[in-house]
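> Predicted model and sequence follow; I will ask about them next.
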Amino acid sequence: MRPVSQLEPVIGADRQAELVRAADNFRSKLGERTVWNISSTAVGGGVAEMLQVLLGYVADLDIASRWMVITGDAEFFVITKRLHNKIHGQAAGGPLTAAEAGHYATTLAANAVDLTDHIRPGDLVLLHDPQTAGLTEYLARAGAIVAWRSHIGLDWANEATEEAWSFLRPHLCSAKGFVFSRREYIPPWVPRDRVAIIPPSIDPFSPKNQYLDDATVRAVLATIGVIDGSSPHGPTSFQRREGVIGRVSRPAEVIAEQLPGPDDQLVIQVSRWDRLKDAEAVMCGFADHVTPTGRGYLLLVGPAVAGVTDDPEGAAVFAECLERWYELPASVRARIVLVTLPLEDADENAVMVNALQRHASVIVQKSLAEGFGLTVAEGMWKSRPVIGSAVGGIIDQIPEGAGVLLPDPRDLDAFGAAVRMLLDDPDKADRMGRAARAHISENYVGDRHLLRYERLFDAMLA
């Protein structure tokens with residue numbers, strides 16, 4: 001449970017009152033029903049993080065809600081990762097076969113047996129992403145009212161996207177609602193009157209976004225081992241989601257020739273080890289276009305590759321980055337650090353990210369494709385200038401004056417120039433950071449997210 005009242009200093013009394021009124025209205029319409037969220041993982045990624053936050057507020061608003069996570073073997077998650085990539089327009093891996101379609105359906109049929117032991121007729125179910133789409137027909141036949149949310153998408157269509165949507169479409173015929181992060185992501189066959197556009201949100205008080213003073217930030221960075229000449233003498237405590245105090249104690253796995261000092265400028269990209277996040281190109285762009293004349297260090301940060309169960313590509317992508325790192329000249333390699341953060345404790349992992357982002361001079365999200373890119377909003381919330389690709393939801397998050405949008409994410413010269421500009425002009429970077437925080441506070445805090453869901457569910461119940 002997360003107290004909704006704590007949002008008032010951030011969103012103001014009027015928005016706070018609107019959220020409480022909407023919850024009261026929805027609770028009366030929901031009656032004895034339960035709202036279910038079904039996803040593919042409980043940790044490691046923006047979907048899981050948002051659910052942890054939003055369902056905490058929902059619990060405080062006294063709305064009956066549950067969250068369950070599907071299971072699947074390695075082959076299932078390879079198939080769904082290919083679907084993910086195809087929705088992002090990536091054709092790698094060739095066409096999906098009938099055997100793969102069968103394995104996808106069989107896996108979700110087995111999950112449906114377990115789910116229908118719990119979900120009752122009339123309950124509302126929100127399925128998240130391609131991993132869960134195949135549950136729609138089973139749950140609808142059991143009497144549930146089902147919506148499917150795609151957290152990913154592409155602003156244009158190609159053969160890969162058409163194949164992915166053709167694969168998923170038969171599974172979604174019984175959906176009463178569809179949710180996309182941007183209108184441009186809606187496939188043409190989805191009924192427009194059943195669609196809600198709901199961008200993601202951050203929670204300012206979650207371990208990833210809560211305020212950390214400078215002493216705590218430095219102590220956390222010293223504990224995880226990314227700062228040279230520093231020992232964790234300061235506090236490493238934080239508030240966990242359930243309200244109790246936690247402490248950062250685990251180290252990260254750090255690969256570096258040398259570490260930045262406490263006062264060195266840091267350029268940081270935090271993301272999964274996913275080819276669409278383009279971490280290897282971030283490294284090359286920094287190596288070729290920043291290190292020759294610019295200052296600072298680059299930190300590429302991601303989760304421990306064994307900890308994200310629904311992303312089988314993670315280990316391979318990290319290995320490719322590591323191989324490329326070793327190929328760099330020693331003087332360049334000395335200014336680039338690879339970091340994998342432990343996932344045993346989701347809150348501790350989130351505070352590590354929080355401290356890294358707060359210590360950064362510049363935050364980067366140079367994705368090739370992005371459904372939304374919540375790390376952008378998280379970095380902006382911490383008053384940091386963000387350099388992001390002009391793709392997907394990143395476009396919506398960075399208005400003029402609150403960061404830098406790269407028209408072509410593959411243009412490494414432009415990327416390097418943007419990094420150098422912000423490192424060389426701290427005053428401009430500070431102005432951008434303050435504008436960034438104000439923009440996120442107005443548009444991407446949890447009350448906005450929950451109100452949009454209330455409108456969707458209200459329509460589905462009607």
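Received, thanks.
> which stretches of the stretch 301-450 of the chain aren't confidently modelled?
Flagging of the stretch 301-450 of the chain using pLDDT under 70 yields the residue ranges 307-311.
> Run through the strands of it in chain order.
All strands of the stretch 301-450 of the chain, identified by DSSP state E, counting those that start in this stretch, fall at 336-341, 362-365, 386-389, 404-406.
> And these: which comes nearest residue 267?
With CB to CB as the criterion, residue 267 lies closest to strand 362-365 of those, at 4.7 Å. Bear in mind the C-beta positions are built from the backbone N, C-alpha and C, glycine included.
> Now find how far off-centre the closest one is within its chain.
Here strand 362-365 is found 14 Å from its chain centre; the criterion is CA atoms, centre = their mean, to the nearest Å.
> got the contact list for residue 234?
Residues counted as contacts of residue 234 (CB atoms under 8 Å, 6 or more residues apart in numbering) are 215-216, 218-219, 222.
> Just the buried ones among these, please.
216, 218-219, 222 (16 or more other CB atoms under 10 Å).
> and which of the residues you listed is nearest to residue 385?
Closest approach between these and residue 385, by CB to CB: residue 218, at 20.8 Å.
> I'd guessed that closest one sits against residue 227; true?
Yes: Residue 218 sits in contact with residue 227 when judged by CB atoms under 8 Å, with a separation of 7.0 Å.
> overlap in contacts of the two?
Common neighbours of residue 218 and residue 227 (criterion: CB under 8 Å, 6+ apart): residue 262.
> Narrow the contacts of residue 234 to those in helices?
When the contacts of residue 234 are checked against helices using DSSP state H, the ones located there are 215-216, 218-219, 222.
> out of those residues, which one sits closest to residue 330?
residue 222 (25.2 Å).
> and the gap between the closest one and residue 215?
Residue 222 sits 11 Å away from residue 215, taking CB to CB, to the nearest Å as the criterion.
> Could you list the buried residues of stretch 65-80?
When neighbours are counted by 16+ other CB under 10 Å, the buried residues of stretch 65-80 are found to be 65, 67-70, 72, 76-80.
> In these, find the pair that's most separated.
For those, and using CB to CB, no pair is farther apart than 65 and 78, which are 31.0 Å apart.
> ok, now which ones touch the closest residue to residue 371 other than its chain neighbours?
Setting aside the residues directly before and after it, residue 371 is nearest to residue 152 in space (CB to CB, 6 or more residues apart in numbering), at 3.7 Å. With contact taken as CB under 8 Å, 6+ apart, residue 152 is in contact with 84, 87-88, 129-130, 185, 371.
> Check residue 428 too.
Counting by CB under 8 Å, 6+ apart, residue 428 touches 385, 421-422.
> try residue 195
Listed by CB under 8 Å, 6+ apart, the contact set of residue 195 reads 177-180, 186.
> would you turn those residues into TSV with pLDDT?
Rendered in TSV, the data for the contacts of residue 195 read as follows (pLDDT from 0 to 100):
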residue	pLDDT
177	97
178	98
179	98
180	97
186	97
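> Out of those, which comes closest to residue 170?
Distance from residue 170 was checked for each of the contacts of residue 195 by CB to CB. The minimum falls on residue 178, at 14.8 Å.
> Helix, strand or coil: sort out the closest one for me.
When states are read from DSSP: H, G, I helix; E, B strand; the rest coil, the local structure at residue 178 comes out as strand.
> right, and residue 254 touches residue 225 too?
Yes: with contacts defined as CB under 8 Å, residue 254 counts as touching residue 225 at a distance of 5.0 Å.
> where are the low-confidence patches of the stretch 1-150 of the chain?
Applying pLDDT under 70 to the stretch 1-150 of the chain flags the ranges 44.
> Sketch out the strands for it, chain order is fine.
35-39, 65-69, 124-128, 145-150.
> Dump the ones you listed into a markdown table; add distance to residue 462 as well.
Formatted as a markdown table, the entries for the strands of the stretch 1-150 of the chain read as follows, by distance: least, CB to CB, whole Å:
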| stretch | distance to residue 462 |
| --- | --- |
| strand 35-39 | 15 |
| strand 65-69 | 20 |
| strand 124-128 | 12 |
| strand 145-150 | 11 |
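> coming back round to it: any idea which of the contacts of residue 152 is the one closest to residue 304?
When the contacts of residue 152 are compared for distance to residue 304 (CB to CB), residue 84 comes out closest, at 20.1 Å.
> That closest one: what's it in contact with?
For residue 84, the residues meeting the contact criterion (CB under 8 Å, 6+ apart) are 129-130, 152.
> Can you pull the domain assignment for this protein?
Here the chain is described, according to automatic domain parsing, as comprising the domains 4-201+445-461, 214-443.
> Most tightly packed of these?
The highest mean neighbour count among the domains of the chain belongs to domain 214-443 (a mean of 20), with neighbours defined as mean count of other CB atoms under 10 Å.
> so who does the residue positioned nearest the centre of the chain touch?
Centroid-nearest residue in the chain: residue 46, 2.7 Å away (criterion: CA atoms, centre = their mean). When contacts are counted by CB under 8 Å, 6+ apart, residue 46 is found next to 151, 200, 372, 374-375.
> what's the spacing between it and residue 266?
Counting by CB to CB - residue 46 and residue 266 are separated by 22 Å.
> Next up, the contacts around residue 360.
For residue 360, the contact set (CB under 8 Å, 6+ apart) comprises 266-268, 299, 379, 384.
> Restricted to helices, list these.
The helices, defined by DSSP H, take in residue 379 from the contacts of residue 360.
> what sits opposite the closest residue to residue 352 other than its chain neighbours in the beta ladder?
Counting by CB to CB, 6+ apart, residue 352 lies nearest to residue 341, which is 5.1 Å off, once chain neighbours are set aside. Partner residues in beta bridges with residue 341, using DSSP bridges, are residue 303.
> Closest one of the buried residues of stretch 65-80 to residue 106?
The shortest gap between residue 106 and any of these belongs to residue 76, at 8.9 Å (CB to CB).
> and the closest one, what does it touch?
Each residue near residue 76 by CB under 8 Å, 6+ apart is listed here: 103-104, 107.
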